[in-house]
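Enquirer: For reference, the sequence and a predicted model appear below.
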Amino acid sequence: MRVIAGKFRSQPLDSPKGRNTRPTSDRLRETLFNIIAPHIQDAVFADLFAGTGAVGIEALSRGARQVYFAENAKVPLEILRSNLDRLQIREQATVDPAGTMPLLRKLLRQKINLDLIFFDPPYKDQLAYRTVLGFLAEHPILPAGALVIVEHSRRFCLPEVGSKLLPYRMIEQGEASLTFFRCNINAESRRSLGGN
């Protein structure tokens, strides 16, 4: 595994051996960043269920201002921290070892908005998909136009989360899919004002 482009292009990234962790493939990562490239510069990015941090590190390499990583599994967390240390990017990276939902609740309390969110829980963990998407749809953590990108099995249909998060694109590669959502604050405002 390596950094694909940007400041740290071609730098190797450690990843755990075995099948307990499923890193986003280099090819899928390249596709992801080709699509979101116009939104990366100076963005506040969250890499949820971060594993070894390849997606968030790629965002930093391409110009993100700050990346929040959520990972609570011991081995991936150690490798994530090692990757950040080797590239000397700890100042722009915040790692939450408590995991995804504790990080999102903390950011909400601190009133930190996220411009881009990527998350890919274990494909079989359907509750994680529902919980995270539901939280993002219900709480003011995303400004208008913010993007949420979800990696999931192509055989799994993501739950509908109302009009605040609008899916606008899906990419399939092998067994994986990327679904792209855009935050639609206007829909939320109309609903709170009693509009249609």
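Expert: That came through fine. Residues are numbered from 1 along each chain as shown.
Enquirer: only C-alpha atoms for contact and neighbour calcs from this point on.
Expert: Fine.
Enquirer: Name the helix or strand for Gly162, please.
Expert: Taking DSSP states H and E as the definition, Gly162 sits outside all helices and strands.
Enquirer: again, but for Lys106
Expert: Following DSSP H and E, one finds Lys106 within helix 100-109.
Enquirer: Quick check: what element follows that helix along the chain?
Expert: Per DSSP H and E, the first helix or strand lying C-terminal to helix 100-109 is strand 116-119.
Enquirer: Could you tell me how far the residue nearest the centre of the chain is located from Val44?
Expert: Nearest residue to the geometric centre of the chain (CA atoms, centre = their mean): Phe118, 1.5 Å. From Phe118 across to Val44, the span is 11 Å (CA to CA, to the nearest Å).
Enquirer: Helices along this structure, start to end?
Expert: Secondary structure of the chain, counting by DSSP state H: helices at 26-36, 54-61, 74-87, 100-109, 126-138, 185-192.
Enquirer: Quick one, which of those gets closest to Val3.
Expert: In terms of CA to CA, the element of the helices of the chain nearest to Val3 is helix 54-61, at 5.9 Å.
Enquirer: Include mean pLDDT, mean neighbour count and distance to Ile4 when you put the helices of the chain into CSV, please.
Expert: Compiled in CSV, those are given as follows (pLDDT from 0 to 100; neighbours: other CA atoms under 10 Å; distance: least, CA to CA, whole Å):
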stretch, mean pLDDT, mean neighbour count, distance to Ile4
helix 26-36, 94, 15, 7
helix 54-61, 97, 25, 7
helix 74-87, 96, 17, 14
helix 100-109, 98, 17, 25
helix 126-138, 96, 16, 27
helix 185-192, 48, 14, 33
